[in-house]
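Trainee: Predicted model and sequence below, questions to follow.
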2 protein chains.
Amino acid sequence: MSLNKSRVLRTEPLDYKEAKWATLVKTTYTDPEGVERTWESSERLTRPAGSDIDGVGVVAILQDPSKPESEPRILLQKQWRPPVDATVIEVPAGLIDPKETPQQCAVRELREETGYVGEVVDGGFGVSPVMFNDPGFCNTNLRMIHLTVNLCLPANQNPQPELEDNEFIETFSIPLKDLWAECREFEKNGYAIDARVGTLAEGVECARRWKL
Amino acid sequence: MSLNKSRVLRTEPLDYKEAKWATLVKTTYTDPEGVERTWESSERLTRPAGSDIDGVGVVAILQDPSKPESEPRILLQKQWRPPVDATVIEVPAGLIDPKETPQQCAVRELREETGYVGEVVDGGFGVSPVMFNDPGFCNTNLRMIHLTVNLCLPANQNPQPELEDNEFIETFSIPLKDLWAECREFEKNGYAIDARVGTLAEGVECARRWKL
């Protein structure tokens, strides 16, 4: 059962002139018929100059090469999020630093948030296209980076996260094949589901149901 | 190749007092150690009272029962989105109306946006948990509704969308098993990828690669 130790004290409208991390934007555009229209949306203020993304999400799969029959497990996190006032089931993720590649960002965030050392999956499946989180509402986006974590490596024997003083993250893992059923359980138990986790689960389940 | 017929004329910061659809929020909260902190985020102003979601996304699978060997195809859309100034590959989706169930919303949006009549998948896979699009940045969320579209139904012989006068949506379908490879092609050709489409594709591909 989700036990939130964080508490919202108050929420209030925020003037964009006083905001450091997020802003509100009005876009004036012409539609395909040449009609002038407007649209309201929001943006992060943190995207580095020259970067096409705000950050990365990490699909980190734990593997034990000494036990080839063991099933792949996905690394997940519990993190309370002020915008939704709930503890959210998420993949490791983070904002990209200036001049960092998405792959470097993913390896760094995984190490900082979970202590694990991961390697980018090769063969073109390691780095996703840029994906927009809610393109009718905001321009925030990410690339998903797929990493494997070799549990036999000495560095992965006793993983120690290095969290910022405002980060409170609990890391755990579940079998990838159970992700969809586990999402339902998490929701029953009061957790919120991040769309990356829930939609990945739906894709796995679709493949199984449609025998793809 | 993506040919955007819409054009951004200008973007400017928006005062929340003048916004009708979106707002900026400051949340003051205490962390698990009792330290008082603040967080900036954004919200839609359109969520109906009493609703736990802003809207729905629709995974609509086209099926032809007269050809049992035909592969399942997923219905997708191309829609230019002002917040990202790009044509986005998306699933059908929409905001929920007051007193509407997520299932009703999904069937309605599919019919309006594509002309197809869909049926909710039964057996617990039809309605996803509530999923948050970007819970560190905003509170926007949805349920994904899984529909099947029976291509043998008379209503689905000549589907006619009923679009609003500010909606310009092109609908098409691709084999579900090709979704991941197609996302890469769309990106190469200048389209943006909605996270629901891209992450569903990753889930399908994960299941195939890990033989789940």
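Mentor: Arrived safely.

Trainee: count of neighbours near the closest residue to chain B within chain A?
Mentor: Across chain A, the shortest distance to chain B (Cβ to the nearest Cβ) belongs to A:G203, at 1.8 Å. Placement of C-beta: from N, CA and C, glycine included. For A:G203, the count of nearby residues is 29 (other Cβ atoms under 10 Å in any protein chain shown).

Trainee: How about A:R37?
Mentor: By other Cβ under 10 Å, the residues close to A:R37 number 14.

Trainee: for A:E112, same thing?
Mentor: Neighbours of A:E112 under the rule other Cβ under 10 Å: 16.

Trainee: tell me which element it falls in.
Mentor: Taking DSSP states H and E as the definition, A:E112 sits inside helix A:102-114.

Trainee: sorry, back to before: residues in contact with the residue of chain A closest to chain B?
Mentor: B:T199, B:L200, B:A201, B:E202, B:G203, B:V204, B:E205, B:C206, B:A207 (Cβ atoms under 8 Å, 6 or more residues apart in numbering or on different chains).

Trainee: one more time with 10 Å
Mentor: Neighbouring residues of A:G203 by Cβ atoms under 10 Å, 6 or more residues apart in numbering or on different chains: A:179-180, A:212, B:59, B:176, B:179-180, B:196, B:198-208.

Trainee: what about whichever helix or strand A:E202 is part of, average pLDDT?
Mentor: A:E202 is part of helix A:195-209, with elements assigned from DSSP H and E. For helix A:195-209, mean pLDDT is 97.

Trainee: Only the C-alpha atoms, please, for it, written as CSV.
Mentor: Provided in CSV are the C-alpha atoms of helix A:195-209 (Å, rounded to 0.1, in the frame of the first residue of the first chain):
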residue,chain,number,x,y,z
ALA,A,195,2.7,6.6,-18.9
ARG,A,196,6.0,5.1,-20.0
VAL,A,197,5.6,2.2,-17.6
GLY,A,198,1.9,1.6,-18.4
THR,A,199,2.3,1.9,-22.1
LEU,A,200,5.3,-0.3,-22.3
ALA,A,201,3.3,-2.8,-20.3
GLU,A,202,0.4,-2.5,-22.8
GLY,A,203,2.8,-3.1,-25.7
VAL,A,204,4.2,-6.3,-24.1
GLU,A,205,0.7,-7.5,-23.4
CYS,A,206,-0.5,-6.6,-27.0
ALA,A,207,2.4,-8.7,-28.4
ARG,A,208,1.4,-11.7,-26.2
ARG,A,209,-2.3,-11.4,-26.9
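
Trainee: Which positions in it come out as buried?
Mentor: Neighbour counts over helix A:195-209 (16 or more other Cβ atoms under 10 Å in any protein chain shown) mark A:195-207 as buried.

Trainee: Turn the residues you listed into CSV, including distance to B:D54.
Mentor: Output for the buried residues of helix A:195-209, formatted as CSV (distance: Cβ to Cβ, whole Å):
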residue, distance to B:D54
A:A195, 12
A:R196, 17
A:V197, 18
A:G198, 15
A:T199, 16
A:L200, 21
A:A201, 20
A:E202, 18
A:G203, 22
A:V204, 25
A:E205, 23
A:C206, 23
A:A207, 28
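
Trainee: Pull the number of nearby residues for the closest residue to A:G94 other than its chain neighbours.
Mentor: Among residues not flanking A:G94 along the chain, A:E109 sits closest, at 3.8 Å (Cβ to Cβ, 6 or more residues apart in numbering or on different chains). By the criterion of other Cβ under 10 Å, A:E109 has 24 neighbours.

Trainee: Could you pull up the residues touching A:E109?
Mentor: Counted by Cβ under 10 Å, 6+ apart, A:E109 has contacts A:55-58, A:60, A:91-97, A:118, A:145.

Trainee: for A:V25, same thing?
Mentor: A:16, A:39-43, A:138-139, B:11-14, B:19, B:22, B:82-83.

Trainee: The residues you listed: which two are farthest apart?
Mentor: Maximum pairwise distance in the contacts of A:V25, criterion Cβ to Cβ, is 17.6 Å, between A:Y16 and B:P82.

Trainee: quick one, which of the two is more surrounded?
Mentor: B:P82 (23 against 17).

Trainee: if I look at that one, how far off is chain A?
Mentor: Plainly put, B:P82 is 4 Å away from chain A if you go by Cβ to the nearest Cβ, to the nearest Å.

Trainee: so what's the closest residue to that residue other than its chain neighbours bridging to?
Mentor: Nearest non-adjacent residue to B:P82, counting by Cβ to Cβ, 6+ apart: A:W39, 3.7 Å away. Here A:W39 shows beta-bridge partners A:T27, assigned using DSSP bridges.

Trainee: chain center to stretch A:163-171: distance?
Mentor: Centroid displacement of stretch A:163-171 relative to its chain, using Cα atoms, centre = their mean, to the nearest Å, is 15 Å.

Trainee: Sorry, wrong one. I was asking about stretch A:92-101.
Mentor: 12 Å.

Trainee: try stretch A:19-32
Mentor: 24 Å.

Trainee: What residues of it count as buried?
Mentor: Neighbour-count burial for stretch A:19-32 flags A:A19, A:A22, A:T23, A:L24, A:V25, A:K26, A:T27, A:Y29, A:D31 (criterion: 16+ other Cβ under 10 Å).

Trainee: related to what we said a few turns ago, what angle separates the helix holding A:E202 from helix B:195-209?
Mentor: Here the directions of helix A:195-209 and helix B:195-209 differ by 50 degrees (axes from the mean of the first three to the mean of the last three Cα atoms, to 10 degrees).

Trainee: what about A:I145, which helix or strand?
Mentor: Assigned by DSSP H and E, A:I145 belongs to strand A:141-150.

Trainee: by contact count, what packs against that strand?
Mentor: In terms of contacts (3 or more Cβ pairs under 10 Å, 6 or more residues apart in numbering or on different chains; DSSP states H and E), strand A:141-150 is packed against strand A:55-63, strand A:73-81, strand A:93-95, helix A:102-114, strand A:119-120, strand A:127-132, helix A:195-209, helix B:195-209.

Trainee: In CSV, list these along with distance to B:K78.
Mentor: Shown next, in CSV, are the helices and strands packed on strand A:141-150 (distance: least, Cβ to Cβ, whole Å):
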stretch, distance to B:K78
strand A:55-63, 24
strand A:73-81, 31
strand A:93-95, 28
helix A:102-114, 25
strand A:119-120, 30
strand A:127-132, 14
helix A:195-209, 20
helix B:195-209, 11
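
Trainee: A:N150: which of the ones you listed is closest?
Mentor: Shortest separation from A:N150 across those is recorded for strand A:55-63, at 6.0 Å, computed as Cβ to Cβ.
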